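>>> The sequence and its predicted three-dimensional model are supplied below.
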Amino acid sequence: MAIQKKHGKGRLDKWYKLAKEKGYRARAAFKLIQLNKKYGFLEKSRVVLDLCAAPGSWCQVAAETMPAQSLIIGVDLAPIKPIPRVISFQSDITTDKCRATIRTHLKHLKADTVLHDGAPNVGVAWVQDAFSQAALVLESMKLATEFLKEGGTFVTKVFRSKDYNALLWVFKQLFTSVEATKPPSSRNVSAEIFVVCRGFKAPKKLDPKFLDPKHVFAEVQEPTPNNEAKVFNPEKKKRKREGYEAGDYTQHKEIPVSDFIHTTDPIAILGTVNKLSFEQSPNGDLALAAVDRLPETTQEVRDCCADLKVLGKKEFRTLLRWRLKVRDKFGMSSKAKKEQEAEAKEEGEEVAEVEPMDEELRIQEELQRLKDQDSKEKRKSRRKENERKRKEIVRMQMHMTTPHDIGLEQQGPAGEGAMFTIKSAEKVQDPAKITDGQMDDVDAQDSEDSEDELEDEDSDDDGDRLERELDMLYETYQQRREEADAKLRAKRARKEKETDEWGGLSDEDQAGDATDGESDVEGGFPVRQLPKGEGLSTQAAMFFDQDIFQDLGIEEDNDSAIALEDESSDQGKRAPSKDVPRESQSKALKSALKKPQPPARQQQADDASDSESEPENSADPTSSAAGSRPEDPLLPNGQLDIDIITAEAMTLAQDLATRRTRAGDLVDDSFNKYSFRDVDGLPEWFLNDETQHSKPQRPITAAGAAAIKEKLRALNARPIKKVREAKGRKKMRAAARLEKLRRKSALLLDDEGLSEKDKAVTIGKLMARAAKKGRPKEKVKVVVAKGHNKGLSGRPRGVKGRYKIVDARLKKDVRAEKRLKKKLKN
Ligand SMILES: C[S@@+](CC[C@H](N)C(=O)[O-])C[C@H]1O[C@@H](n2cnc3c(N)ncnc32)[C@H](O)[C@@H]1O
């Protein structure tokens with residue numbers, strides 16, 4: 001049998017060495033020291049009970065820290081070598097004998113603090129270890145409740161297993177404050193955590209359930225299983241902080257597809273399992289074979305089932321939808337069941353009804369069913385209402401509605417029985433009907449449809465629920481990613497800022513809307529008025545009046561618009577460098593280098609994709625070069641202050657400089673197939689995923705890449721911040737000295753009592769002193785008076801600069817004196 005090395009898991013770490021150095025019997029001593037440093041319970045305690053104390057390092061710490069004359073009792077299964085000021089004995093803390101012995105030692109006293117660092121004989125299997133440790137904790141708490149005084153403290157070690165939350169719950173019932181902490185000396189690889197429970201409530205009658213392992217560990221469960229972590233972050237699961245499932249010690253999990261179809265919690269399966277298998281067992285599985293042969297079981301579904309750990313949200317959705325379809329086919333969904341019943345009724349078949357044996361039981365069941373139905377409906381309406389409110393708030397934040405509108409809606413026009421609802425309006429294919437006042441048709445159709453709708457709602461219920469669950473999990477997952485990733489957080493903040501900054505409809509817009517006379521109506525659609533007399537030709541004005549140009553800043557910057565107009569209309573006829581004024585060119589270039597503003601949604605999507613790639617990898621050179629600043633300020637010399645940081649941007653800049661590309665081409669290029677993707681109504685998760693790839697790939701040249709490399713090299717060659725700061729400080733001090741000197745010299749010059757010569761001499765001295773101050777202090781060379789330097793009166797041979805002759809004996813004596821002083825101090 002292999003011998004386990006004592007230094008496995010890095011046991012001989014710094015705490016181990018420190019414990020040896022300080023004379024503690026175990027490195028665990030530092031855990032108590034650190035816990036006490038944080039909560040300070042030992043200094044206030046006069047009586048401490050240390051359960052599971054061997055070899056005794058916690059007792060040692062307690063004896064050191066607690067006031068003199070304190071009572072410390074330590075107990076363990078293993079013998080504890082005597083420790084001064086500590087009473088120790090050997091016993092099992094789960095036995096009555098141990099309890100009796102403690103009582104005899106405590107006499108009439110109660111403990112201020114009960115410590116428990118117990119660990120059962122570990123190494124059998126994680127599940128058993130974790131469970132028996134949790135049970136031991138409960139036993140120790142039993143003793144604590146018996147011997148702790150009111151307001152006392154209980155410190156215990158707990159393993160983070162699935163029983164952890166149950167234990168915390170019990171502690172919270174008995175103590176006013178419960179905090180879990182992991183001291184630095186506790187190894188990160190260890191699942192142990194320490195719980196400090198303060199303010200023992202000392203209830204007169206203790207509910208025995210609190211101390212019953214069967215009750216505690218069976219009843220108190222984790223409130224909600226963290227399916228999100230399972231679905232979107234399978235790696236997290238590997239850490240096994242929650243502990244392994246009983247009897248499940250393998251990493252790879254494979255279950256038959258039929259289990260996935262049958263389960264009531266498909267998301268949990270998707271999160272925990274590696275593969276859904278279509279393979280038949282030796283005895284054959286009919287359900288599996290049927291699923292395998294269904295036309296709905298496409299190759300895509302099979303591929304998805306083969307490895308669940310590599311799937312994204314889209315694929316999970318596909319699997320969930322497929323499951324619903326299969327359940328429908330097999331008559332497992334509520335819709336299918338209803339259909340079957342209806343068919344049976346139609347055919348005049350008698351639907352077998354099982355008479356309940358007991359009338360009372362039947363009534364109870366019926367009541368329960370009605371209750372369930374009622375609560376389901378309530379939940380549904382609450383959810384709908386919440387969703388509506390959320391949307392309303394978003395609309396309000398975007399100035400798309402006013403609180404007044406909300407009030408109106410709440411009062412009812414859009415609610416039940418309303419004369420006109422958008423929903424009913426949507427159902428009418430011809431909007432003209434509504435304008436003609438033919439709402440009767442609408443209502444009739446509405447009432448007809450309402451039954452179908454109800455049925456649809458029922459049948460889609462399962463799918464909706466699962467999709468909602470999946471959406472929620474995805475949202476939480478995104479939030480967690482944002483929390484962990486500062487870049488994503490910054491991106492989200494920027495997005496929010498953009499949304500906030502949108503000022504809604506301006507007064508002008510509204511005024512424009514109000515004055516009908518100014519906008520022509522053609523075929524029922526308002527036609528935008530062309531800008532008049534702004535120096536653009538009518539054709540150009542119409543062209544630039546398109547929505548996509550609205551955010552380009554062309555209107556604000558008339559010159560650049562003219563330059564662009566010239567370029568767009570005269571392309572090929574003349575080079576802009578010759579005919580367009582230089583200033584206009586620079587402005588056109590500026591607006592070209594600014595990221596052209598595609599539709600708002602597209603830009604958001606682009607932003608999202610940017611956040612996930614490093615600036616160097618960004619495929620949009622204009623965004624990575626100039627996109628970091630909202631405005632590109634001009635340098636004092638009038639040049640654009642654009643920091644080019646990517647090879648793509650550098651290539652583009654070089655192309656622009658050498659006229660291989662013109663600003664106009666750049667603008668044209670920006671309107672590519674990616675700019676006008678129709679993203680309306682697409683879910684956020686899809687956009688997040690898709691926009692990583694939906695962007696143009698711009699070529700880079702070797703020269704561009706080399707230039708960026710050179711730039712980075714120059715950046716890296718700069719001195720580090722500390723050095724630059726030190727140099728800056730030095731410069732500042734020199735400037736201050738010079739200023740002082742200048743002031744003093746001015747005073748001296750004004751002094752009429754001094755001759756010109758004296759003034760010159762004094763100023764010369766001042767300058768010499770100031771120059772000397774700036775120089776580093778010259779080191780004094782110490783020369784020992786021995787050998788040929790013995791008895792020497794003058795500069796020793798070969799020594800330049802400042803020197804000091806010292807006596808060898810004196811040197812030794814001074815050193816010895818210092819040593820002695822230090823020793824006495826310690
Ligand atoms: C990690 S050690 C305690 C170290 C101790 N706190 C120290 O500082 O030296 C865990 C101890 O729990 C003890 N133990 C486990 N089960 C016990 C039980 N039922 N009764 C008493 N002690 C027990 C073990 O004998 C072991 O010495």
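Yep, it's here.
>>> Can you show me the strands along the stretch 151-300 of the chain?
Ranges of strands within the stretch 151-300 of the chain are 175-181, 192-200, 254-256, 275-277, based on DSSP state E, counting those that start in this stretch.
>>> Oops, could you answer that again for the chain instead?
Assigned by DSSP state E, the strands in the chain fall at 47-51, 71-76, 86-90, 111-116, 148-159, 175-181, 192-200, 254-256, 275-277, 520-522, 525-527, 781-784, 803-806.
>>> Is it possible to get the ones you listed out as TSV so that each row also shows distance to the ligand, mean pLDDT and mean neighbour count?
For glycine as for every other residue, the C-beta is placed from the backbone atoms N, C-alpha and C. Listed next are the strands of the chain as TSV, based on distance: least, C-beta to the nearest ligand atom, whole Å; pLDDT from 0 to 100; neighbours: other C-beta atoms under 10 Å:
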stretch	distance to the ligand	mean pLDDT	mean neighbour count
strand 47-51	7	94	27
strand 71-76	4	94	24
strand 86-90	9	93	17
strand 111-116	7	94	26
strand 148-159	8	92	22
strand 175-181	16	91	15
strand 192-200	9	92	19
strand 254-256	38	85	15
strand 275-277	40	87	20
strand 520-522	85	40	9
strand 525-527	80	38	10
strand 781-784	51	87	14
strand 803-806	53	86	14
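>>> And these: which comes nearest Val679?
For Val679, the closest of the strands of the chain is strand 525-527, at 23.7 Å, according to C-beta to C-beta.
>>> ok so, going back, quick one, which of the strands of the stretch 151-300 of the chain gets closest to Ala771.
Proximity to Ala771 (C-beta to C-beta) singles out strand 175-181 among the strands of the stretch 151-300 of the chain, at 58.6 Å.
>>> Each with direction, which strands does the closest one pair with?
The strands beside strand 175-181 in its sheet (DSSP bridges) come out as strand 192-200 (antiparallel).
>>> where are the low-confidence patches of this structure?
Counting by pLDDT under 70, the chain has low-confidence residues at 1-12, 121-130, 218-251, 282-284, 333-362, 364, 394-462, 483, 486-487, 494-633.
>>> Point me to the residue of the stretch 351-500 of the chain nearest the ligand.
The minimum distance from the stretch 351-500 of the chain to the ligand, using C-beta to the nearest ligand atom, falls at Ala484 (33.3 Å).
>>> Can you report how many residues lie near that residue?
The tally of other residues near Ala484 (other C-beta atoms under 10 Å) stands at 9.
>>> now swap in Lys709 and tell me
Number of residues near Lys709 (other C-beta under 10 Å) recorded here: 12.
>>> Could you report the distance from it to Arg698?
18 Å (C-beta to C-beta, to the nearest Å).
>>> so which residue of the stretch 651-800 of the chain comes closest to the ligand?
Lys722 (43.1 Å).
>>> Could you check how far that residue is from Lys731?
Distance, Lys722 to Lys731, by C-beta to C-beta: 15 Å.
>>> Also Lys313?
Counting by C-beta to C-beta, the gap from Lys313 to Lys731 is 57 Å.
>>> can you check Arg46 too?
62 Å.
>>> the more surrounded of those two?
A side-by-side neighbour count of Arg46 and Lys731, using other C-beta under 10 Å, places Arg46 first with 16 against 10.
>>> Now do the contacts for the closest residue to the more buried one other than its chain neighbours.
Ranked by C-beta to C-beta, 6 or more residues apart in numbering and with sequence neighbours excluded, the top spatial neighbour of Arg46 is Ser70, at 5.1 Å. Neighbouring residues of Ser70 by C-beta atoms under 8 Å, 6 or more residues apart in numbering: Ser45, Arg46, Val47, Val48, Ala62, Ala63, Arg85.
>>> hmm, try it at 10 Å
Contact analysis of Ser70 by C-beta atoms under 10 Å, 6 or more residues apart in numbering lists Leu42, Ser45, Arg46, Val47, Val48, Ala62, Ala63, Arg85, Val86, Asp112.
>>> where does it fall, phi/psi-wise?
Main-chain dihedrals, Ser70, degrees, to the nearest 10: phi -80, psi 160.
>>> mind checking how far it is from Leu35?
Taking C-beta to C-beta, one finds Ser70 at 18 Å from Leu35.
>>> Leu148 is in contact with Thr156, correct?
No: taking contacts as C-beta atoms under 10 Å, Thr156 lies outside contact range of Leu148: 12.0 Å.
>>> Give the residues shared as contacts by the two.
Residues touching both Thr156 and Leu148 (C-beta under 10 Å, 6+ apart): Val114, Met141, Cys197.
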